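In: Pasted the sequence and its predicted model underneath.
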Amino acid sequence: MFRHNRRTDPEDDDLRGTPIGRRTILGLAALAGAGVVTGKAIQDGAAKVLAPIELHDPTGLISLIPVGDSFRFYSVTGGVPTKNAQTYRLAVDGMVANTASYSLADLQAMPQTSLTRDFHCVTGWQVQQVHWSGVRLSTLLDRAQPAPGATAVRFRSFDGTYTESLTLEQARLDDVIVALQMLGGPITHNHGGPVRMYVAPMYGYKSTKWLSGIELTSAVETGYWEHRGYPVDGFIDPTQGKDS
Ligand SMILES: Nc1nc2c(c(=O)[nH]1)N[C@H]1C(S)=C(S)[C@@H](COP(=O)(O)O)O[C@H]1N2
Ligand SMILES: [Mo]
């Protein structure tokens, strides 16, 4: 089932589960906007407000529910167009020597990388051991040959609204893939198919759904949720990417 999210609540339009959301995240966003807290503090704050969820399971029964595909479907817009093998294209452009427009078949013909990881949304839900496969982003970047001044990658979505960015260094990590498969099959429309990003080391908001463009830029740009308070640095492990 797919429910479009037209409200201002962070990400979620259903009430399955958590008492956190709107007020907390908007509060964090306000603090971030005021420059009061760092990204790290926002993450810590997010972790703290999630604690009450555990208190809602006094019997321990919730933790006995078998782990399944408990993804929620997120979209910040209504009415995302459907794309298929005939109509899908992925542009690689911006500060590159070779721009490209890949069809689904082009991407399927490239070497595929598989990953099995826990998926973490920054609002607290997670799905364990999700299987993904697709083309390493670094493969597409090598083909594109970023210009010397290119230091970041910006992702566009054919939902027309969502954006995300990574530094070029992050974009080249081995576990950052342009995903063609998820949960053992082609990526469904609701999960952002036919092609979405999967940025394994980072929170879910970094993994742009309905991927339509990969643009090399001179600086990291603030993404959709980052304008609304999420840290631009989306690493799940706060020590990653910060080594000396
Ligand atoms: N285009 C687009 N990409 C998106 C989002 C979105 O709303 N629109 N939500 C992000 C967030 S916050 C998460 S947690 C994951 C959720 O992926 P799912 O909808 O497949 O569960 O997608 C990310 N990518
Ligand atoms: Mo998320």
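Out: Now that the structure is in, tell me what you want to look at. Ligands and ions are numbered 1, 2, ... in the order given.
In: rest of the way, CA atoms for contacts and neighbours
Out: Fine.
In: Please determine how far the residue in the chain positioned nearest to ligand 2 is located from M202.
Out: In the chain, the residue found nearest to ligand 2 is C121; the distance is 3.9 Å by CA to the ion. According to CA to CA, to the nearest Å, C121 and M202 sit 9 Å apart.
In: Can you pull the residues of the chain lying near ligand 1?
Out: Where the chain comes near ligand 1, counting by CA under 6 Å from any ligand atom, the residues are 11, 71-76, 121, 157, 159, 162, 191, 204-205, 207-210.
In: Return the subset of these lying in strands.
Out: Judged by DSSP state E, those include S157 as members of strands.
In: Show me the protein divided up by domain.
Out: Taking automatic domain parsing as the domain assignment, the record places the domains of the chain at 1-78, 90-228.
In: can you tell me which of those domains the model trusts least?
Out: Comparing the domains of the chain by mean pLDDT, the weakest confidence falls on domain 1-78, with a mean of 47.
In: neighbour-wise, which of C121 and M202 wins?
Out: Residue environment comparison for C121 versus M202 gives the larger neighbour count to M202, 21 against 18, counting by other CA atoms under 10 Å.
In: show me what contacts the residue most central in space within the chain?
Out: Closest to where the C-alpha atoms of the chain average out (CA atoms, centre = their mean) is S207, at 1.9 Å. S207 is in contact with 164, 196-199, counting by CA atoms under 8 Å, 6 or more residues apart in numbering.
In: Please list the residues of this structure that sit near ligand 2.
Out: Counting by CA under 5 Å from the ion, the positions of the chain adjacent to ligand 2 are 121, 204-205.
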